[in-house]
Every structure is written in structure tokens, then in C-alpha cells.
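Visitor: Quick check, what structure comes out for this input:
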Amino acid sequence: MKKYLIAILISTFSIAFALPFAVAYEKDSTLVYDGIGSNAVTDIRQVNDSTFVFASGNGLSFSYDRGKNIYTYFGNGKSVTHGSVTGLVTLDNKIWVATAKDTMILEGSYYKDYPVGNGISYSPDMGKTWQRFSQSVDGQYDTTEAVFDGEIDALPITSRINNLTYDLAIQVTNDGDTVLWSCNFAGGTRKSYDNGETWERVVLPPDYYDELNEDTPLDFDLSPTTGALGYENNLNHRSFSVHVKGDTVVVGTANGINVSTDEGVSWVKYTAQNSAIPGNFVVDVDLDNEANVYAVCLPTQSSEARGLAVSHININGLLYWESQFVGTRLYSIEAVTPEHMFAAGEEGFWYSSDGWNWADLGNVYDDDGQLLLTEKIYSVYQDDKDTIWIGSADGLAKSGDMGGSWEIIRRVTKDFDSDIAISAYPNPFSPARMNQMGDDGYVRIFCKLPAPGRISMEVYDYSMTRVKVLALDKIVDTDETEILWNGKNGMNNVVANGVYFIKVNYDWGDGDGKQVAWTKVIVLD
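Guide: Below is the predicted model:
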């Protein structure tokens, strides 16, 4: 996943791609629209020197010029399957994307939301063309699985509901095969030799064995879940994260870290009980250039903890673990070398130059003083020119000087018909859950103005009683500005749930240019 859930380019772009973006990019407005898909950015990948892809909560976005211009695909059947991007991986000019959506299922007299896997979208040519494959499911009679020289019972996963892909990885084997690995909640760990069109189930150790090899008793079943069918419901078969480097494959599950050093044939499982990793719920894994394993862990019981597990090799050649960030909720780890690592989490992001000590990289401001309004950083990525990219709950940011200065990229509605207009985002807005900084959450109110001037801004409730003055005769030096509201009234109390109206008064100077614009925002707990 990176991230718990916690989401590329088309045939009409062939001229631009043929010369690795040496000519101007021709946008096809039937396939893409301007801007990042959403302000929730969960993963970042570099395709080549200038091309990047970004996983967002509203689909796949890309840039051909290192972030100067960003476009997002419509989910219109001609490109990436619609939905939030839950898995993203690249290899040379190849791109694989997993997406998911929510669906409502009637249970008794109530509807309940369930996540649904939307399958894999694959581009063999840096996004000029796309193939789309359905989410991997089993046939109802796929009730056994071969393991070494025997076989075990296996629960067939026949539905896409709760069967979504949380992570993808690419392996090039010693035989030259390209293998796509996927981690799925209900579907377990799988691999594909044809870019995601067909899949094989991967058997990991059951909950009660720490290894899977030729000597392991085959007295267990493959069962990420059980239901009413009586299968074992092995938590170690529910996988969430995967990383591959050479012959080494690492899979994080709901019951530990699984490591294979023979391309996924045999496995050793490390848990909080047998190896003292912080917790058994492993939501992200990585390997550095020396094949050290890093795993973001969450607790599955009270004796476990949040934290980062880091592997080492002792003098006998055996793997052992140390814990870092104990008690901290991390989302992802980016390990370049043992002396160059980044971690991202609920309270920010950190850098280490020695693998032991971590420096908090602090709040993110751009040159205009705009602040990244969140402490939740989902992903950190360092590209081939040492630019740091971060994906957050409040947009994308990049820095070319190790965090000394930042450029913040967000999705903001700016396409207005009138000279003066405002929009609020996120909308609906939850002060307790969105854009959290300290004890407050914030909604942004973006203003488009005819020209530089003065503005006043007020918030009204549904009865048109004024709730809060956000700005009074504020001087704006450009034709755009953004004002924040923390969802509190003039008494510094969080307002009740409901619809609130925001009014902006604009005056360009002598009183003859007065204009008014309105927008509304829904406030929810």
C-alpha cells in the first residue's frame, strides 16, 4: 500500500513520446485534464529523466517536464482504469497501475461501503498505449495449490469486493522473465508473467509456521480469509506490501515480514514474536542497495507497537532486526542506501544519513509563504537529480536543495467564468480530520480577482448569521490569493455540522470597482 489506502500516457501523444519530450506536449482534452488528480498523493515514480507519474485519490497523474506541467487521466476507457491509485510501479518505459473504488452492498436493511479492486492498467511504451486487465479472481473450483512436490487446499477468491491491490513490484529473474508481483487484501500475494493479464497465487507460510521450504509440513491451507467455508483464515496470507531486488523478494502481511532469497520459491517469516520487530501488520517494505530490509509496522495486539523494523546480518550470516521510530505511525520508507534514507508518516517526514539518527525535515513552505497544511506525509521519493518529492494529504511538493526551499503543487479550481470567484477545498471539510496542523484542521478558500486590490471575507451559517470574519480590507498584490479557515467561529469554537456560505468583497481601490462573490462549504465531523 503504500499507505493504507489509505492510486501514464496515450497513443495520441506519440509525437511527444517519440522524441523523449524533446517537442512540445500536445494535450488531448478528451483523455487528460490539467493538474494533479487530487490533493491526496500517495506514491511517486520516475519513468525517465523528465517523466514522472503520481498516484492520487482521483486517478493517475503524470508530468513530462519534471513537474512544471501535470496532467491527469480521465477514467474513460482509453487509458488507466478509473478509481484511486492503490499500486504503482515502473520498469524502463513500462508502467503498471492498480486502482480501486468503493461500492455499496445491501446487507439486510442497510447499505454498507466496501472497497473493490479495479484491476491492472499496463503501458509497455511509457504511456503511449494501454492495456487494461480485470482484478485477479479465481475460478470456483480452484481449491488446491501446488507447493513444492505436494499440494494444499486453497480458498478460491471469486469476488472483486475486498479484493484490491495494495502494492505492486517488478522482478526480472535470472532467466530473463519479467514478473509482476501484487499484494491484495482478500486475494493474497500473486504474481504474473504476462504484465497482469493472468495471475498465479503465491503461497507464504501459514500463521503457525515461520518458514516455508521443502521440509515444511503441508498441513495448512491457503486462506487470506475464511467466511463460512471453514478455511484457516491465515493473516500471513493477507498481504499489503512487496519489494523486489535481484533474487530477494520481501512481502509484508498482516502477520509479519516474509523474505525470500530465491526469487520467491522458499520463505522465512519474521514476526514480533520470533524476531522482536515492532508489530506484525506490515504496510510498507523496502530494500536498500545492500539488500537490507526495512519494514513499516503496526501492532496487531497490545504487546506490539508501531515503528520501523530494520534488518542486519550478524557474523554467522543470519538476519536479525532492530526497531526504530517505536510509537510513531509511519506510512512509507524510502531506503536509497544504509546512509541515505527517508521515512514518511502521520507526523511528518524524516531523513537519515547514517541509518540510526533521523532529522525531522519540518514544515513545508513555498516561496510565497504557502504552507503544506498537513503533517501526514504519505510518500517520499528522491529522483536521479537528487530532487526530493513528497506526497501528502494536502498536495505534492518538491525540493532541489534537501528541503531548504519547496515548490507546492495542488489541485485548485481556477477555471471560473467571472472576473471574481472563490472556491473552497477540501469540500466537504472536516476540521477534526483534514489538513491537520497542530490541534486544528483547515479549509482553503481560493480567490480569483480581476486585479490586485483589497478583499474582505466572511463566513455565514445557513440562517445567514455571520459566523467569522476571515479577512478585513486585506491588500492582495496579485490576482489570486488563498485564505484559510479552521472551522471555528468568532468565539474560537468549532462550528456545528452543516452548510456554510463564504462571501468575498473585492475593491480595486477607489470604491468604483466593488464586486462580490460567494461559495459554500459543507462542514462535517
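
Visitor: drop to CA atoms for contacts and neighbour counts, all remaining ones
Guide: Noted.

Visitor: OK, contacts around the nearest residue to residue 321 once chain neighbours are set aside?
Guide: What sits nearest to residue 321 in space, not counting adjacent residues and going by C-alpha to C-alpha, 6 or more residues apart in numbering, is residue 311, at 4.5 Å. Contact analysis of residue 311 by C-alpha atoms under 8 Å, 6 or more residues apart in numbering lists 292-294, 319-322.

Visitor: repeat for residue 194
Guide: 179-180.

Visitor: Use 40 as the first number from now on
Guide: Sure, I'll start counting at 40 from here, so that last one is residue 233.

Visitor: Now it: which helix or strand?
Guide: Assigned by DSSP states H and E, residue 233 belongs to no helix or strand.

Visitor: Does residue 100 belong to a helix, a strand or coil?
Guide: Taking DSSP: H, G, I helix; E, B strand; the rest coil as the rule, one finds residue 100 in the strand state.

Visitor: That one contacts residue 94, doesn't it?
Guide: Yes. Counting by C-alpha atoms under 8 Å, residue 100 does reach residue 94; the two are 6.6 Å apart.

Visitor: rewinding a little: now the element after whichever strand or helix holds the residue nearest to residue 360, going C-ward?
Guide: According to DSSP H and E, residue 350 maps onto strand 346-352. Downstream of strand 346-352, the first helix or strand assigned by DSSP H and E is strand 358-363.

Visitor: What residues of that following strand count as buried?
Guide: Across strand 358-363, burial judged by 16 or more other C-alpha atoms under 10 Å covers 360, 362-363.

Visitor: how about a markdown table for the residues you listed, with distance to residue 486 added?
Guide: Shown next, in a markdown table, are the buried residues of strand 358-363 (distance: C-alpha to C-alpha, whole Å):
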| residue | distance to residue 486 |
| --- | --- |
| 360 | 52 |
| 362 | 47 |
| 363 | 44 |
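
Visitor: From those, pick the one nearest residue 417.
Guide: residue 363 (18.1 Å; C-alpha to C-alpha).

Visitor: what bridges to that closest one?
Guide: Assessed by DSSP bridges, residue 363 has beta-bridge partners residue 347.

Visitor: what separates the residue nearest to residue 360 from residue 243, distance-wise?
Guide: When distance is defined by C-alpha to C-alpha, to the nearest Å, residue 350 is 20 Å away from residue 243.

Visitor: again with residue 171
Guide: 28 Å.

Visitor: okay, the two: which has more neighbours?
Guide: The neighbour comparison of residue 171 against residue 243 (other C-alpha atoms under 10 Å) goes to residue 243, with 31 against 21.

Visitor: Was I right to think that one contacts residue 278?
Guide: No. Taking contacts as C-alpha under 8 Å, residue 243 lies outside contact range of residue 278: 9.6 Å.

Visitor: Take the buried residues of strand 358-363 and lay them out in JSON lines including distance to residue 528 and pLDDT.
Guide: JSON lines is the format used below for the buried residues of strand 358-363 (distance: C-alpha to C-alpha, whole Å; pLDDT from 0 to 100):
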{"residue": "360", "distance to residue 528": "50", "pLDDT": "94"}
{"residue": "362", "distance to residue 528": "44", "pLDDT": "95"}
{"residue": "363", "distance to residue 528": "41", "pLDDT": "95"}
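
Visitor: Just the closest of these to residue 74, please.
Guide: residue 363 (36.8 Å).

Visitor: Quick check, the closest one in contact with residue 347.
Guide: Yes. Using C-alpha under 8 Å, residue 363 makes contact with residue 347 at a distance of 5.0 Å.

Visitor: Next, the distance between the ends of stretch 97-114.
Guide: 9 Å.

Visitor: Low-confidence ranges, the stretch 140-289 of the chain, go.
Guide: 266-267 (pLDDT under 70).

Visitor: All the strands of the stretch 90-239 of the chain, residue numbers only.
Guide: Under the criterion DSSP state E, counting those that start in this stretch, the stretch 90-239 of the chain carries strands at the ranges 91-95, 98-102, 110-112, 123-130, 133-146, 149-162, 170-172, 183-186, 189-192, 204-211, 217-223, 227-231, 239-240.

Visitor: Distance to residue 497 for the ones you listed - can I get that in TSV?
Guide: Converted to TSV, these look like this (distance: least, C-alpha to C-alpha, whole Å):
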stretch	distance to residue 497
strand 91-95	32
strand 98-102	34
strand 110-112	33
strand 123-130	34
strand 133-146	36
strand 149-162	36
strand 170-172	48
strand 183-186	64
strand 189-192	64
strand 204-211	42
strand 217-223	47
strand 227-231	51
strand 239-240	57
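
Visitor: Deepest-packed of those, please.
Guide: strand 98-102 (a mean of 28; mean count of other C-alpha atoms under 10 Å).

Visitor: And that strand, what does it pack against?
Guide: strand 91-95, strand 110-112, strand 123-130 (3 or more C-alpha pairs under 8 Å, 6 or more residues apart in numbering; DSSP states H and E).

Visitor: what do you get if the cut-off is 6 Å, keeping everything else the same?
Guide: strand 91-95, strand 110-112 (3 or more C-alpha pairs under 6 Å, 6 or more residues apart in numbering; DSSP states H and E).

Visitor: how about the CA coordinates for the longest one, as PDB?
Guide: Right, the one you point to is strand 91-95. Listed next in PDB are the C-alpha coordinates belonging to strand 91-95 (Å, rounded to 0.1, in the frame of the first residue of the first chain):
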ATOM      1  CA  PHE A  91       7.100  11.200 -13.500                       C
ATOM      2  CA  VAL A  92       3.900   9.500 -12.500                       C
ATOM      3  CA  PHE A  93       1.900  10.200  -9.400                       C
ATOM      4  CA  ALA A  94      -0.700   8.100  -7.600                       C
ATOM      5  CA  SER A  95      -3.600  10.200  -6.300                       C
END
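
Visitor: Now for this structure, the helix or strand with the poorest mean pLDDT.
Guide: helix 53-57 (a mean of 32; mean pLDDT, DSSP states H and E).

Visitor: what residues does the next helix or strand after that one touch?
Guide: Counting by DSSP H and E, the next helix or strand C-terminal to helix 53-57 is strand 71-73. For strand 71-73, the external contacting residues (C-alpha atoms under 6 Å, 6 or more residues apart in numbering) are 110-113.

Visitor: number of nearby residues for the residue nearest to residue 300 when sequence neighbours are not counted?
Guide: Using C-alpha to C-alpha, 6+ apart and skipping the chain neighbours, the partner closest in space to residue 300 is residue 287 (4.3 Å). By the measure other C-alpha under 10 Å, the count of residues near residue 287 is 17.

Visitor: just residue 284 next, same as before
Guide: Applying other C-alpha under 10 Å, I find that residue 284 has 20 neighbouring residues.

Visitor: partner residues bridging it?
Guide: Beta-bridge partners, per DSSP bridges, of residue 284: residue 287.

Visitor: Any idea what the nearest residue to residue 534 once chain neighbours are set aside is bridged to?
Guide: Spatial nearest neighbour of residue 534, chain neighbours left out: residue 527 (5.4 Å); criterion: C-alpha to C-alpha, 6+ apart. Counting by DSSP bridges, residue 527 forms beta bridges with residue 533.

Visitor: residues near residue 527, how many?
Guide: Based on other C-alpha under 10 Å, the number of other residues close to residue 527 is 18.

Visitor: That one contacts residue 539, correct?
Guide: No. Contact criterion C-alpha atoms under 6 Å: residue 527 and residue 539 do not qualify, at 11.5 Å.

Visitor: ok, for residue 190, nearest residue in space, not its chain neighbours?
Guide: Per C-alpha to C-alpha, 6+ apart, closest to residue 190 is residue 184, 5.3 Å.

Visitor: Kindly report the same for residue 373.
Guide: residue 381 (5.0 Å).

Visitor: Which element, helix or strand, includes that neighbour?
Guide: strand 379-384.

Visitor: packing partners for that strand?
Guide: Short answer (3+ C-alpha pairs under 6 Å, 6+ apart): strand 379-384 packs on strand 369-376, strand 387-391, strand 416-421.

Visitor: the strands in the stretch 390-539 of the chain, which residues?
Guide: So, for the stretch 390-539 of the chain - with DSSP E, counting those that start in this stretch - the strands run 398-399, 416-421, 427-431, 434-438, 446-448, 460-464, 475-476, 479-480, 482-487, 492-499, 505-515, 519-524, 537-546.
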